[in-house]
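>>> Sharing a sequence plus its predicted fold:
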Amino acid sequence: LKLMHRIALFSSDDIRLQRIVPFVTSLLQDSEPIVRASSISVLASVLATVTSFPPSDAQIFPKYVFKKVAHLITDASLIVRVAFAKNMAILAETALRFLDIGHSVSLYEAVAGRQSLDSSTKDGNVRATKNAIFSEEAASLLSKQSGSYESNDVVNKHQRDDKISS
């Protein structure tokens, strides 16, 4: 396990996720408590060093890692439970980072997909959005909330501009 940990430090993130993590998680089922305890420490350390991963691996913690380490909470050996408790914070922080990065990537892809629309569709979407935002109902709500006629004038100006451009 120490050797695997050292190899992981000099390996790419793909190797860590596709080769080292599965091997280390398989050792979480070992019959020797010291091996299980060392495995959880190495697993937490290796996963914490991963910096880039494909979007498909963003769910590695809830779908794979947490299922593999769940039995360690009630392990018969005290050394395994202590190692699990010691590394739980590292695993939780790393899981949060993976999910945040995965969520950011999916948002970026969604925005990039919208920007690739052709200009006519884009113009139609902008016009529809403008109409929805500056509808009569929105104008009346805005004027009721602000209590000023200036905000109503701004909304009406946008509606007139939109009708002229259509």
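Great, that's in hand.
>>> List the contacts of stretch 80-94.
Residues from elsewhere that reach stretch 80-94 (CB atoms under 8 Å, 6 or more residues apart in numbering): 33, 36-38, 40-41, 43-45, 47-48, 50, 61, 65, 69, 72-75. C-beta here means a position set from N, CA and C on the backbone, and glycine is covered the same way.
>>> Next, the buried residues of the longest helix along the chain.
The single longest helix within the chain, with elements called by DSSP state H, is helix 78-115. If you call a residue buried by 16 or more other CB atoms under 10 Å, then helix 78-115 has these buried ones: 80-81, 83-84, 87, 90-91, 94-95, 98, 101-102.
>>> of the contacts of stretch 80-94, buried ones?
Applying 16+ other CB under 10 Å to the contacts of stretch 80-94 flags 33, 36-38, 40-41, 43-45, 47, 50, 61, 65, 69, 72, 75 as buried.
>>> Which members of those residues occur in helices, if any?
Within the buried ones among the contacts of stretch 80-94, residues falling in helices by DSSP H are 33, 36-38, 40-41, 43-45, 47, 69.
>>> wait, which of those is closest to Leu107?
Each of these was scored against Leu107 by CB to CB, and Leu47 proved nearest at 23.0 Å.
>>> Ile73 versus that closest one, what's the distance?
The spacing between Leu47 and Ile73, counted by CB to CB, to the nearest Å, is 18 Å.
>>> List the contacts of the closest residue to Lys68 other than its chain neighbours.
The shortest distance from Lys68 to any residue other than its chain neighbours is 4.5 Å, reached at Thr25 (CB to CB, 6 or more residues apart in numbering). If a contact means CB under 8 Å, 6+ apart, then Thr25 has 39, 43, 64-65, 68-69 as its contacts.
>>> Can you name the next helix or strand after the one helix or strand Asp14 maps to?
Using DSSP states H and E, Asp14 maps to helix 13-15. Helices and strands here follow DSSP H and E; after helix 13-15, the next one along the chain is helix 21-26.
>>> circling back: please produce CSV containing the ones in helices among the buried ones among the contacts of stretch 80-94, extended by distance to Asp57 and pLDDT.
Below are these laid out as CSV (distance: CB to CB, whole Å; pLDDT from 0 to 100):
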residue, distance to Asp57, pLDDT
Pro33, 30, 96
Arg36, 24, 96
Ala37, 26, 97
Ser38, 24, 97
Ile40, 20, 97
Ser41, 21, 96
Leu43, 15, 97
Ala44, 17, 97
Ser45, 18, 96
Leu47, 11, 96
Val69, 17, 94
